[in-house]
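Chemist: What follows is a predicted protein model with its sequence.
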Amino acid sequence: MSALDAIKAAPEATPEQVWPEPEPLDTAARLRPWPEGAILPPEIEDYGLAFADRLCLDPGPVMLTMLAAATAASNGRVWVEPDRDNPTWREPTALWLAVVMGVSTKKTPLLKAALAPVWAIEAELRAAHERAMAEYEAELARWEAAKRGERGPKPKPPVPERLLAQDATREALGDLLAHNPGILAYHDELSGLFKTWGREDRGADRAFYLSAYSAAPVAVDRILRGSTHIPRPVLSLIGFVQPGPFRERVLEAQGGDGAGADGLLQRFVIVTGQERPWVDERPAIPLEAKERYHALIARVYDTLRHGDERVLRFTPEAQSLWHQWEGQTEREQRHPDHPEAWKALLGKRLGLTARLAAVLSLLWDEHSGEISAATLRRAIALVLWLEPHARRVWHRALSGNDEPVLRLARKLRAGELVTFTERHLSHRNVAGIATIAEARRVVARLLEAGWVIREWDGYRANPRVREVDNV
C-alpha cells in the first residue's frame, strides 16, 4: 500500500481526539433565578414580574428596586432589635441598593415604576403643605396687624414633609433629615456620588453617609447657616452604576492606603442580572397589578405616619432561628481562607438580615409587633440569594472585566465565528471589543482556556465549544 493509500484508509480523527476540552470561563459565582413566591408579597412580585417581562429585564433588579423603594414609607418610623439579650443593638429599615449593570438596562423606567407610589404620596404631602402655608400666611397677617401687646407668639411656618430626594448633596440631605424621620435618596447614576466620596476635600461627605447608614448622630456644617445637628439620620439609597465605575471604587476600597477601607462600599446591597433578549411579542402589564403595588406602599405609609415609633422584635421561634444564623455568619467571617473583601461583606450580613426582616414584616402585614420565623426565613433566603451577586461583581471588579470574554465565547459556541483575527474583532466591534489591546486580552484568555488555537494568520475556534452547556 502506498503512503497516499494509507492516508486515505486511516480513520478520520474526531474533535475529541485532537482538540482539548474547553475549560470554564466564568469563575465568578453563578446567579440563581429569582425565587418566585418565596420572599416578596404578591403585591410586589406580581407587578415586578409583569414589568420585567414587558421590558425584557431580569426580575432580580426589578424586585430589589421595588423593595428598596418601599423603605421610603418606613424610614425613621420603624426599628428592629434583633437580639432580645442585647438592647443596645437597633437597626433602622434603611437599605442601600446598587444595581450594577451595563448600559441600556431600562434604569429610568424601572426607577419610575418603583418610585411611582412614593411620588404619589409626596404629591399629597405637597398639597397639604400648600394648604398649611396658606393658613400660616393668613395667621401671620393677623399677627402683624394686631397691636404689639396683643400679638402673642409669632406663628411659625410649617415644615414640609418629604420622603424622597433626587441626586441631593450632603447639605441638602442634612436639611431634609433634620426635619423628617427618614429620606430615600435615588440616583440614576451612582458613579458621581462615588467620585465625591473619593475626593480628599469631601471627607465630610463620607463621614456623613457612614453615620446616616447606622442612624448615628451627625452634624452638617454650612458656611452661612451654621451647624445642624441630626440625632438619628435614617437614609436609604437607590442607584444604578455600570461595572467600570464600580470597579474603580472596589479597587479604591482594596487599596493599600486605607482611604476606601472604611466599609462604606460594603454597605450596599449589590444586585446584577443577565441581559434578556428583546422579543416583539411581550405580555402587557396588568393595571390591577400596578394598582395593588401602589396600594401596598400607601397602606404601609398610612399605617405608620400617625402612630408612635415602632420597635420590632423577633418571636421566640424567630429569635432561636436568628441565633443559629448569627452563629453561622460569625463562623464564616472568622474562616481563615476567606479573602478580606468577603469578610468585610459578611460583617454587614447580620445587620442587613435584620433590616430586611423588618421591611418584609411590614409588607407582609404582620400585626403583632413581632417578626415571625417565616418572615425571618424570607430575609435569610433573600440574603443568600443576593450574596452570589456581590461575589460576582466584586470578583469581576478585582480580576478585570470578563464580559467581552463571555460575549465572544457565546459567539464561538453558537458558531458565529470560526476563524478571526484581533484586528477583525476590534475593527468590527465584535462582542463589544473596541481596541486591539482589548482584543489581545480577550483572545489570550480564550487561548488559555482552550477555546481557540493560534493559526499563522489568526485564530480558529475549538469545535468542542459547542459541547459547553453554559458559558
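Modeler: Noted; the coordinates are in hand. What you are looking at is a predicted structure, and each value in this text was computed from that prediction instead of being measured.

Chemist: Now do Asn75, the pLDDT please.
Modeler: Here, the pLDDT recorded for Asn75 equals 94.

Chemist: what's the longest strand along the chain packed up against?
Modeler: Assignment by DSSP state E gives strand 235-241 as the longest strand of the chain. Secondary-structure packing of strand 235-241 (3 or more CB pairs under 8 Å, 6 or more residues apart in numbering; DSSP states H and E): helix 59-70, strand 96-100, helix 107-145, strand 183-187, helix 191-198, helix 203-214. Just so you know, the C-beta spots here come from the backbone N, C-alpha and C atoms, and that holds for glycine as well.

Chemist: hmm, 7 Å instead?
Modeler: When contacts are defined as 3 or more CB pairs under 7 Å, 6 or more residues apart in numbering; DSSP states H and E, strand 235-241 sits against helix 59-70, strand 96-100, strand 183-187.

Chemist: Of all the ones you listed, which one is nearest Gly244?
Modeler: Gly244 sits nearest to strand 96-100 of all the helices and strands packed on strand 235-241, at 10.2 Å, using CB to CB.

Chemist: And that closest one, what does it pack against?
Modeler: Partner elements for strand 96-100 (3+ CB pairs under 7 Å, 6+ apart): helix 59-70, strand 235-241, strand 269-271.

Chemist: Which among these is found nearest to Asp83?
Modeler: Counting by CB to CB, Asp83 lies closest to strand 269-271 out of those; the figure is 21.7 Å.

Chemist: Give the buried residues for whichever helix or strand comes after the closest one.
Modeler: Following strand 269-271 in sequence order, the next helix or strand is helix 287-305 (DSSP states H and E). Across helix 287-305, burial judged by 16 or more other CB atoms under 10 Å covers 289-290, 292-294, 296-298, 300-301, 303-304.

Chemist: Can you mark which positions in the very next helix or strand once past helix 287-305 are buried?
Modeler: Sequence-wise, the next helix or strand downstream of helix 287-305 (DSSP H and E) is strand 310-314. By 16+ other CB under 10 Å, the buried positions in strand 310-314 come out as 310, 312-314.

Chemist: Can you tell me what sits against whichever helix or strand comes after strand 310-314?
Modeler: The helix or strand immediately downstream of strand 310-314 is helix 316-333, counting by DSSP H and E. Helix 316-333 is contacted from outside by 82, 84, 314, 343, 346-347, 349-350, 353, 371-373, 376, 380, using CB atoms under 7 Å, 6 or more residues apart in numbering.

Chemist: And those residues, which two are furthest apart?
Modeler: Lys343 and Ser372 (30.6 Å).

Chemist: Show me which of those two is the more surrounded one.
Modeler: Per other CB atoms under 10 Å, whichever of Lys343 and Ser372 has more neighbours is Ser372, with 18 against 14.

Chemist: Okay, domains of the protein per the record?
Modeler: Using automatic domain parsing, the domain ranges for the chain come out as 3-24+402-467, 27-401.

Chemist: which SSE is the closest residue to Gly263 other than its chain neighbours in?
Modeler: Take Gly263 and drop its neighbours on the chain: the residue closest to it by CB to CB, 6 or more residues apart in numbering is Ala344, 5.9 Å away. Element membership of Ala344, judged by DSSP H and E, is helix 340-346.

Chemist: Output that helix as PDB, nothing but the C-alphas.
Modeler: What follows is helix 340-346 as a C-alpha-only set of coordinates in PDB (Å, rounded to 0.1, in the frame of the first residue of the first chain):
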ATOM      1  CA  GLU A 340     -10.600  40.200  53.400                       C
ATOM      2  CA  ALA A 341     -13.100  41.700  50.900                       C
ATOM      3  CA  TRP A 342     -15.600  38.900  51.600                       C
ATOM      4  CA  LYS A 343     -15.100  39.100  55.300                       C
ATOM      5  CA  ALA A 344     -16.000  42.700  55.100                       C
ATOM      6  CA  LEU A 345     -19.200  41.900  53.300                       C
ATOM      7  CA  LEU A 346     -20.000  39.200  55.800                       C
END
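
Chemist: May I see the buried residues of strand 310-314 organised as JSON lines, with pLDDT added?
Modeler: Output for the buried residues of strand 310-314, formatted as JSON lines (pLDDT from 0 to 100):
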{"residue": "Arg310", "pLDDT": "93"}
{"residue": "Leu312", "pLDDT": "96"}
{"residue": "Arg313", "pLDDT": "96"}
{"residue": "Phe314", "pLDDT": "97"}
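
Chemist: Need these in TSV (columns: distance to Ala207).
Modeler: Listed next are those as TSV, based on distance: CB to CB, whole Å:
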residue	distance to Ala207
Arg310	29
Leu312	29
Arg313	31
Phe314	32
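
Chemist: hmm, which two among these are most spread apart?
Modeler: Arg310 and Phe314 (14.1 Å).

Chemist: packing partners for the helix or strand where Glu248 lies?
Modeler: Using DSSP H and E, Glu248 falls within helix 243-253. Where contact means 3+ CB pairs under 7 Å, 6+ apart, helix 243-253 is packed against helix 191-198, helix 373-399.

Chemist: Now tell me what touches it from outside.
Modeler: 100, 102, 191, 194, 198, 259-261, 265, 393-394, 396-398, 401.

Chemist: Could you list the alpha-carbon positions for that helix in CSV?
Modeler: Only the C-alpha atoms of helix 243-253 are listed here, as CSV (Å, rounded to 0.1, in the frame of the first residue of the first chain):
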residue,chain,number,x,y,z
PRO,A,243,-19.4,47.8,36.1
GLY,A,244,-16.5,50.1,35.1
PRO,A,245,-17.1,52.9,37.6
PHE,A,246,-18.0,50.3,40.3
ARG,A,247,-14.7,48.5,39.7
GLU,A,248,-12.8,51.8,40.3
ARG,A,249,-14.5,52.1,43.7
VAL,A,250,-13.8,48.5,44.6
LEU,A,251,-10.1,48.9,43.8
GLU,A,252,-10.1,52.0,45.9
ALA,A,253,-11.7,50.1,48.8
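
Chemist: Now it: buried residues?
Modeler: 243, 245-250, 252-253.

Chemist: Over to stretch 181-194?
Modeler: Buried, per 16+ other CB under 10 Å, within stretch 181-194: 181-187, 190-191, 193-194.

Chemist: picking that back up, okay if I get the helices and strands packed on strand 96-100 as CSV plus mean neighbour count?
Modeler: CSV is the format used below for the helices and strands packed on strand 96-100 (neighbours: other CB atoms under 10 Å):
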stretch, mean neighbour count
helix 59-70, 25
strand 235-241, 26
strand 269-271, 24
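
Chemist: now the ones you listed as a markdown table including mean pLDDT?
Modeler: As requested, the helices and strands packed on strand 96-100 are exported to a markdown table (pLDDT from 0 to 100):
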| stretch | mean pLDDT |
| --- | --- |
| helix 59-70 | 97 |
| strand 235-241 | 95 |
| strand 269-271 | 95 |
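
Chemist: To Thr108, which of those lies closest?
Modeler: Of the helices and strands packed on strand 96-100, the one closest to Thr108 (CB to CB) turns out to be strand 235-241, at 9.1 Å.

Chemist: any idea of the angle that closest one forms with helix 243-253?
Modeler: Orientation check (axes from the mean of the first three to the mean of the last three CA atoms, to 10 degrees): strand 235-241 against helix 243-253 gives 120 degrees.
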